[in-house]
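Peer 1: need coordinates for the following:
(one chain, ligands or ions: 1)
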Amino acid sequence: MRVRMQIDILTLFPEMFEGFLVHSILGRAREAGRLGIRLVQWRDYALDKHHVVDDAPYGGGAGMVLKCEPLFRALEDLRAPDETFPQTQVVYLSPQGQPFSQAVACELARDARRLILVCGHYEGVDQRACETLFDREISIGDYVLTGGELAAAVVADAVARLLPGVLGNDESALHESHMTGIFDHPHYTRPEVFRDLAVPPILLGGHHAKIEAWRRKEALRKTLRVRPDLIEKVELSKADRKMLAEIAREAAGEGQGPVAGGTPEAPGERDRCGQSGETGGIEGL
Ligand code: ADE
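Peer 2: Next up is the predicted model:
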């Protein structure tokens, strides 16, 4: 079977990916030959005897910076023209990147036959590498991880599952959360009643159009409550607007469930974020 995409991951910690690649959908896709994944050890491209890939920053300051030489060597090697994968995208994972989203995953799945994911560490890579080697810099969220490996796993998973033949049923990717611009609708399975909790009767009636309308309305309801910003961006039909008006009336009548923003933080719990630090942070565990 033809390989659909090749993903090369340049990392200081290849072993972090092993369980994930064997046991997930990606593992199945690899076995089925839909996906090629290669874990590449960054240190193999350092020529000195200790395989050093980092050095202290010019200008002083904390932390270490990933050096140009091993990274240029690695990418020149990995990018070497390959007839099988002419469309290569080199993606650097860092907290300073473009926010990752379903739209970005779709672009990568559509445009690239090969992805090279570069997992940063420490204070990041030398700026000259950033400016020369990468097609994109991607962040998976506004928080700082200890390295790019978890982010690379997220990107690999989100992109690979969009490739034809990777999910068991290609249909399932089309309807799920974010593919339509809003959340997915709620799902139920047997039993019909579990500890007094009943499946909504409309789902048992077999009336296809009514079920579809109910699902759309529930998807809109959840999105409006948790991510109202998504509703503002999505193209709404006349029927959607009617449903949103009904949802607003129902909410006004009922009082709301939990809303976007979550539980307020208890006083004194903040640490490592420039705040009180009373609970001791990571070292205090
Ligand atoms: N490396 C560290 N934090 C990251 C983030 N939020 N996204 C991508 N790569 C990262």
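Peer 1: so where do the strands sit in the stretch 51-200 of the chain?
Peer 2: With DSSP state E, counting those that start in this stretch as the criterion, the stretch 51-200 of the chain has strands at 54-55, 65-66, 88-99, 114-119, 136-139, 193-194, 197-198.
Peer 1: how about the ones you listed in a markdown table, adding mean neighbour count and distance to residue 14?
Peer 2: To be clear about C-beta, it is placed using only N, CA and C from the backbone, and glycine gets the same treatment. Converted to a markdown table, the strands of the stretch 51-200 of the chain look like this (neighbours: other Cβ atoms under 10 Å; distance: least, Cβ to Cβ, whole Å):
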| stretch | mean neighbour count | distance to residue 14 |
| --- | --- | --- |
| strand 54-55 | 16 | 17 |
| strand 65-66 | 20 | 16 |
| strand 88-99 | 19 | 15 |
| strand 114-119 | 25 | 10 |
| strand 136-139 | 20 | 20 |
| strand 193-194 | 10 | 43 |
| strand 197-198 | 10 | 45 |
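Peer 1: how about a markdown table for those strands, with distance to the ligand and mean pLDDT added?
Peer 2: Formatted as a markdown table, the strands of the stretch 51-200 of the chain follow (distance: least, Cβ to the nearest ligand atom, whole Å; pLDDT from 0 to 100):
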| stretch | distance to the ligand | mean pLDDT |
| --- | --- | --- |
| strand 54-55 | 15 | 97 |
| strand 65-66 | 12 | 97 |
| strand 88-99 | 4 | 97 |
| strand 114-119 | 8 | 97 |
| strand 136-139 | 4 | 98 |
| strand 193-194 | 38 | 98 |
| strand 197-198 | 37 | 98 |
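Peer 1: dump those strands to a markdown table, plus distance to residue 217.
Peer 2: Formatted as a markdown table, the strands of the stretch 51-200 of the chain follow (distance: least, Cβ to Cβ, whole Å):
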| stretch | distance to residue 217 |
| --- | --- |
| strand 54-55 | 53 |
| strand 65-66 | 50 |
| strand 88-99 | 29 |
| strand 114-119 | 37 |
| strand 136-139 | 34 |
| strand 193-194 | 23 |
| strand 197-198 | 18 |
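Peer 1: what's the closest of those strands to residue 11?
Peer 2: strand 114-119 (4.3 Å; Cβ to Cβ).
Peer 1: where does the stretch 101-250 of the chain have low pLDDT?
Peer 2: The model of the stretch 101-250 of the chain has pLDDT under 70 over residues 169-175.
Peer 1: please list the residues of the stretch 51-200 of the chain that sit near the ligand.
Peer 2: Counting by Cβ under 6 Å from any ligand atom, the residues of the stretch 51-200 of the chain close to the ligand are 93, 94, 95, 120, 139, 140, 141, 143, 144, 145, 148, 151.
Peer 1: which of the residues you listed sits closest to residue 106?
Peer 2: residue 140 (15.7 Å).
Peer 1: touching, that closest one and residue 154? I think so.
Peer 2: Yes: contact criterion Cβ atoms under 8 Å: residue 140 and residue 154 qualify, at 5.0 Å.
Peer 1: those two: who's more crowded?
Peer 2: Between residue 140 and residue 154, counted using other Cβ atoms under 10 Å, residue 140 has the larger neighbour count: 21 against 16.
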